[in-house]
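J.: have a look at this prediction, sequence included:
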Amino acid sequence: MSTVTQADVAQRLRENGVRPTSQRVEVLATLAREHDDATAQELWRRIRDAGNTKLGLATVYRTLALLVDHDVIDVLTHHGSELCYRLCTDAHHHHLLCIGCHKVVEIDECELGDWVEKVAASHGFVVTDHRLEISGRCTACR
């Protein structure tokens, strides 16, 4: 979503049951401009650098948590102790994550369904969803 508009972002929020306040739109629009992913701190700095000094870091964290809860964005865990956020496609997918440069690649193919169902059933679980993060080094970082 490199050429995202405020209207696009507001529509995506509405489609996911989130009221598009100006703060939510700004946080999501800033994230949409990211090539790979970003931490809450990185997003907050970019928003401040763009001139919005009124949006607080706590608001950015709360907004990101809300967007994750409503499946608007994905949360990734590959960046040390801080969570990373990414605006992804709506379709089921997994992620390849570079531990060097933090490049993120969405993988649309998923052949895990039968295995996940089997493993879950063997432990008495019913699967409602699954997510996979594969960490490694991209070509540029090897």
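T.: That came through fine.
J.: burial count for the residue lying closest to Val126 once chain neighbours are set aside?
T.: In this structure, Val126 finds its nearest non-sequential neighbour in Ala120, 6.8 Å apart by CB to CB, 6 or more residues apart in numbering. In this view, the C-beta of every residue, glycine as well, is placed from N, C-alpha and C. Using other CB atoms under 10 Å, the number of residues around Ala120 comes to 14.
J.: need the phi and psi values for Ala120.
T.: The phi/psi pair for Ala120 (degrees, to the nearest 10) reads phi -60, psi -50.
J.: and the pLDDT for it?
T.: Per-residue confidence (pLDDT) for Ala120: 94.
J.: if I look at it, how far off is Thr63?
T.: 32 Å (CB to CB, to the nearest Å).
J.: other SSEs contacting the worst-scoring helix or strand of the chain on mean pLDDT?
T.: Within the chain, no helix or strand scores below strand 74-79, which has a mean of 82 by mean pLDDT, DSSP states H and E. If you count contacts as 3 or more CB pairs under 8 Å, 6 or more residues apart in numbering; DSSP states H and E, strand 74-79 packs onto helix 57-69, strand 82-86, strand 94-98, strand 133-136.
J.: what do you get if the cut-off is 7 Å, keeping everything else the same?
T.: When contacts are defined as 3 or more CB pairs under 7 Å, 6 or more residues apart in numbering; DSSP states H and E, strand 74-79 packs onto strand 82-86, strand 94-98, strand 133-136.
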